[in-house]
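> mind folding the following:
(2 chains)
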Protein chains: 2
Amino acid sequence: MKSRQGSVQYQSDWNIMAELTGNLLVAQSGGPTSVINASLAGVIQEAGRHDCIEEIYGGANGILGILNEELIDINDEKKRSIDGLRYTPAAALGTCRYKIDFKKEPEKAAKDMDRLFEVFAAHNIRYFAYIGGNDSQDTSHKIHEEAGKRNYEIRVIGVPKTIDNDLPHTDNCPGYGSAIKYAATTVAEVGLDVGSMATDDGSCCIIEVMGRSAGWIAAGTVLAKRGNPANPPHIILVPEIKYDVDAVLAKIKETVETYKYCVMVVGEGIKNKQGEEIGADKSHVDAFGHPVLGGAASVIKKFVEVKLNTKTRTILLGYAQRAAAHCASLTDANNGFACGEAAVKAAIDGQSGYMVKIVRETQPDGSVKWSTGLQPLTDIANVENFIPRDWISEDGCLPNEKFVEYAKPLIDGEVKPPMEAGLPKYVVLDKSKVEKKLPPRQ
Amino acid sequence: MKSRQGSVQYQSDWNIMAELTGNLLVAQSGGPTSVINASLAGVIQEAGRHDCIEEIYGGANGILGILNEELIDINDEKKRSIDGLRYTPAAALGTCRYKIDFKKEPEKAAKDMDRLFEVFAAHNIRYFAYIGGNDSQDTSHKIHEEAGKRNYEIRVIGVPKTIDNDLPHTDNCPGYGSAIKYAATTVAEVGLDVGSMATDDGSCCIIEVMGRSAGWIAAGTVLAKRGNPANPPHIILVPEIKYDVDAVLAKIKETVETYKYCVMVVGEGIKNKQGEEIGADKSHVDAFGHPVLGGAASVIKKFVEVKLNTKTRTILLGYAQRAAAHCASLTDANNGFACGEAAVKAAIDGQSGYMVKIVRETQPDGSVKWSTGLQPLTDIANVENFIPRDWISEDGCLPNEKFVEYAKPLIDGEVKPPMEAGLPKYVVLDKSKVEKKLPPRQ
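Sure, this is the predicted structure:
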């Protein structure tokens, strides 16, 4: 599985490390997921077990809030709220898309880094856990390196997070299992619906999911088939493969002829033969002479309607697929929580400059046990992990048994948020702010 | 509440009716819902309790299958499958959009009607329950009237079904409560997500839901607010009201300025000042000179991005909102089941030409009890029920307390489909066909 190659075993050397006393700062970054707060809960609950961690602070809106010295006093939160993070979607601390980019803006990046260490020093931050995807791991890596240069003692651990599942070295990324549990559930339900309306006229439904360059989410909906070729989704297109649009249309036609309907899932970033994004394709005009615009699903819908004369409807799950905690995977939430815990344990043990990774251990009976490991951040930053080509059928239109074997354990079990008046009752943190000690950021 | 006006009380006169022995035919029509099969289960289980009903048949794909003499032998189905209909979405018997239209195609309609009664007679159908929306109630009404003219003894009862909630006289339509439970859950979750990403840049998310002429589904997402004005959704637009697009944009701007983000829900059929559908508007061009096309949400997205320069994402729930049985309302499913039962009870009691309706009885403590009643099909067919104007704020942008009071009880309780390998395990009927007795339909 994914994490096997290049694996670095976690070596505990706590017995030779001097104990480092100070405060812990945790922050969330990038697009939220259904379980990003489970990782936060893991960090907080593990941090609470160690006397050397005096205060637990949260960065409001990721690195952006830290730069503005906007720190949340986690010890001021209700225990009930902390517990509730295990089933609450979205980034409870707030998140951002801010990047410290030494290549594009070296001066600004250097200034940001100075400011970060000012904030760290002012609040005696000695432990930093950053929950995020590729960019955030890169930020963590830079902070770890800078700390060495500046001789500032801090232990920096990255916690993986992304529904895109594109971080390398970890078996999977917390958030992904929940995203595909929700997407596969939706595809199965919509498939039943469209199938029950199928008459000789034929119809097509195209569901667009996230994934600009990696097709993990689209591919994950193959689980809705439950191994039955007749079951939806009938076609799954991923951004890793260049598609001949006419060949795809022929496949849709064949599917409609066979089953009277076709349910297709597309990653938002799928590409045509020329490698151009189909959803951004402006070179085609529809039957009315208008340019075809607006996302992969709607572009293909127009092709199907115009060229195959088959009634087509689209679904755009958008943010719902990363926020649908009512349909989250318990395996995923538990792994997310474990990653948070492991980050603090590693830091307490003296480690810095690592990302926690999820390790899969397949048992002789086929069941899966999960554990965590550490991977140097140098191996993570700016590396994107794609679906192996041999996990997808030769024509590129359906993930195969290898993919199913990988993905199936990730959606196991249900997170059951408490309900109130018919809706999930999620927690919201009070977010009382830590008193500022520095002049405002320039 | 909705059902109060024009209510006809159900009068049981079973003691004076001669017992009618024969077979029952049940069929499903129009767009499926999460609970249309709950009504089917109600019909089947109640029918099984009466000796005068000899065989229970299902029409494959609604009236279309009946015309083709494609009848499903329900007594051949496993008990487990019948039980599972209570939590299985989509139309388990298959559905259709076929209409017997005496106005537009009188000859074809007359021929269809002849054929229907041939099929009824060939299979000794004496009870007919048709589960559907407006068009289907119209079909049931015509069959009831034709039966009188033809002196063919059959009892025809309509069972309400539509996520659009636009049937008159019934408090609500089975399918609606589940649709808004799912849509409000999604809006609440997406709202948390977008809110957690809110930084000074501001952002907007537009969620498009079904509802071409009635805005019940869009309005129902107001429940996600839980009475807190700061909570999403901040703006809800319904097709019943004509909107000044510039005024809506000003409201979005104000919301983003206040909360740093705006979550908006739009019914697919919302209209501009001139009463034209915004989603079908071809008169505007975007910043690149391209015509603005493709659904209400994507049209408004372009306006927001171009005129307000605010990053905007859209979600198109599409078929998912009527199929998401994993998030169905137990109240809704129970009411759907009760409507199915009531249809058979009424027919056994000698009634024909009625639609079952749901009656709300608000208790002194504010809780709601549900019962069923009957309404003549003449009152139902081709009448559309809209949201009362005084249930929506003066500016038309948010349903008020009156709407909330109406909608809140409809999403109460959870249907919990059994899970298998991380996904809901729905039932599929075997659909063994009843032997045909007639020559093929001409």
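> pretty sure A:Asn23 contacts A:Ala122?
No. With contact defined as CB atoms under 8 Å, A:Asn23 does not reach A:Ala122; the gap is 10.5 Å. Glycine gets a C-beta too; all of them are placed from N, C-alpha and C.
> who has more neighbours, these two?
A:Asn23 (19 against 13; other CB atoms under 10 Å in any protein chain shown).
> the longest helix in chain A is where?
The longest helix of chain A (DSSP state H) is helix A:176-196.
> how near is the residue lying closest to A:Phe102 once chain neighbours are set aside to A:Asp138?
Closest residue to A:Phe102 apart from its sequence neighbours, by CB to CB, 6 or more residues apart in numbering or on different chains: A:Ala109 at 4.4 Å. Per CB to CB, to the nearest Å, A:Ala109 is found 11 Å from A:Asp138.
> go ahead and confirm A:His326 touches A:Gly422.
No. Judged on CB under 8 Å, A:His326 makes no contact with A:Gly422 at a distance of 11.4 Å.
> more neighbours, the two?
Shown here are A:His326 and A:Gly422; by other CB under 10 Å, A:His326 has more neighbours (27 against 23).
> residues contacting whichever residue of the stretch 1-150 of chain A sits closest to chain B?
Proximity of the stretch 1-150 of chain A to chain B (CB to the nearest CB) peaks at A:Ala90, 3.6 Å away. By CB atoms under 8 Å, 6 or more residues apart in numbering or on different chains, the contact list for A:Ala90 reads A:Pro32, A:Ile36, A:Asn37, A:Ala323, B:Glu189, B:Leu192, B:Asp193, B:Gly195, B:Ser196.
> and A:Glu54, its phi and psi?
phi -90, psi -60 (degrees, to the nearest 10).
> in the stretch 101-250 of chain A, which spans are strands?
Shown for the stretch 101-250 of chain A, the strands assigned by DSSP state E, counting those that start in this stretch span residues A:125-132, A:155-160, A:203-209, A:235-237, A:242-243.
> now do the first one: which elements does it pack against?
Of the remaining helices and strands, those touching strand A:125-132 by 3 or more CB pairs under 8 Å, 6 or more residues apart in numbering or on different chains; DSSP states H and E are strand A:22-28, helix A:36-47, helix A:62-67, helix A:134-150, strand A:155-160, helix A:330-348.
> partner residues bridging the spatially closest residue to A:Gly275 that is not a sequence neighbour?
Using CB to CB, 6+ apart and skipping residues adjacent in sequence, the residue nearest A:Gly275 is A:Lys242, 5.4 Å away. Beta-bridge partners for A:Lys242, by DSSP bridges, are A:Lys271.
> and A:Lys242, how many neighbours?
Count around A:Lys242 with other CB under 10 Å applied: 13.
> pull up the residues of the stretch 151-300 of chain A that are close to chain B.
Contacts of the stretch 151-300 of chain A with chain B, taken as CB under 8 Å from any CB of the partner chain, map to A:181, A:184-186, A:188-190, A:192-199, A:205, A:223-224, A:226, A:282, A:290-291, A:293-294, A:298.
> before we move on, what about the stretch 1-150 of chain A?
A:28, A:31-32, A:61, A:64, A:88-97.
> what do you get if the cut-off is 6 Å, keeping everything else the same?
A:Pro32, A:Asn61, A:Pro89, A:Ala90, A:Ala91, A:Gly94, A:Thr95, A:Cys96 (CB under 6 Å from any CB of the partner chain).
> go ahead and confirm the third one touches A:Ala324.
No. The pair A:Pro89 and A:Ala324 fails to qualify as a contact (CB atoms under 6 Å) at a distance of 7.2 Å.
> name the residues contacting each of these two.
B:Glu189 (CB atoms under 6 Å, 6 or more residues apart in numbering or on different chains).
> the two: which is more packed in?
Between A:Pro89 and A:Ala324, A:Pro89 has the larger neighbour count (other CB under 10 Å), namely 32 against 27.
> can you check the pLDDT for that one?
Looking at A:Pro89, its pLDDT stands at 98.
> need the contact list for it.
Contact analysis of A:Pro89 by CB under 6 Å, 6+ apart lists A:Ser34, A:Ala323, A:Ala325, B:Glu189, B:Leu192.
> distance of the first one from A:Tyr176?
The span separating A:Ser34 from A:Tyr176 equals 10 Å under the rule CB to CB.
> of these two, which one has the most company?
Applying other CB under 10 Å to A:Ser34 and A:Tyr176 shows that A:Ser34 carries more neighbours, namely 34 against 31.
> ok, now how distant is the nearest residue in space to A:Lys181 that is not next to it in sequence from A:Ala188?
Spatial nearest neighbour of A:Lys181, chain neighbours left out: A:Ile411 (3.9 Å); criterion: CB to CB, 6+ apart. The spacing between A:Ile411 and A:Ala188, counted by CB to CB, is 11 Å.
> got it, and A:Lys225?
9 Å.
> between the two, who's got more neighbours?
A:Ala188 (27 against 21).
> what does A:Leu317 show for phi and psi?
Dihedral angles for A:Leu317 - degrees, to the nearest 10 - are phi -70, psi -30.
> so which residues of the stretch 301-442 of chain A form helices?
Secondary structure of the stretch 301-442 of chain A (DSSP state H, counting those that start in this stretch): helices at A:320-323, A:330-348, A:401-407.
> is the second one positioned near chain B?
This means helix A:330-348. No. Applying CB under 6 Å from any CB, one finds helix A:330-348 separated from chain B by no less than 8.0 Å.
> pull the residues that contact that helix.
A:35, A:38-39, A:41-43, A:46-47, A:50, A:127, A:129, A:155, A:157, A:159, A:174, A:177-178, A:356, A:358, A:370, A:372, A:374, A:410, A:412-415.
> what residues sit buried inside that helix?
A:330-348 (16 or more other CB atoms under 10 Å in any protein chain shown).
> break chain A down into its domains, please.
Following automatic domain parsing, one finds the domains of chain A at A:2-174+A:325-382+A:411-424, A:176-323.
> and those as CSV, adding distance to B:Leu308?
What follows is the domains of chain A, written out as CSV (distance: least, CB to CB, whole Å):
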stretch, distance to B:Leu308
domain A:2-174+A:325-382+A:411-424, 19
domain A:176-323, 19
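> A:Tyr57 should be in a helix, yeah?
No. A:Tyr57 sits outside any helix when classified using DSSP: H, G, I helix; E, B strand; the rest coil, being strand.
> pretty sure it is touching A:Gly22, no?
No. With contact defined as CB under 6 Å, A:Tyr57 does not reach A:Gly22; the gap is 10.8 Å.
> the more surrounded of the two?
Taking other CB under 10 Å, A:Tyr57 and A:Gly22 do not tie; A:Tyr57 has more neighbours (25 against 18).
> show me what contacts that one?
The contact partners of A:Tyr57, taken as CB under 6 Å, 6+ apart, are A:Asn23, A:Leu25, A:Leu71, A:Val434.
> for PyMOL, what selects the buried ones among those?
Only the buried entries of the contacts of A:Tyr57 go into this PyMOL selection, using 16+ other CB under 10 Å:
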select buried, chain A and resi 23+25+71+434
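> which of the contacts of A:Tyr57 sits closest to B:Ile252?
Within the contacts of A:Tyr57, the smallest distance to B:Ile252 is 31.6 Å, found for A:Leu71 (CB to CB).
> mind listing what that closest one touches?
So A:Leu71 contacts A:Tyr57, A:Val434 (CB under 6 Å, 6+ apart).
> return the per-residue confidence for it.
For A:Leu71, pLDDT reads 98.
> likewise for the one 10 residues further on?
Note on A:Ser81: pLDDT of 98.
> can you report how many residues neighbour A:Pro376?
Count around A:Pro376 with other CB under 10 Å applied: 16.
> look up how far B:Ala342 lies from it.
Taken as CB to CB, the span from A:Pro376 to B:Ala342 is 67 Å.
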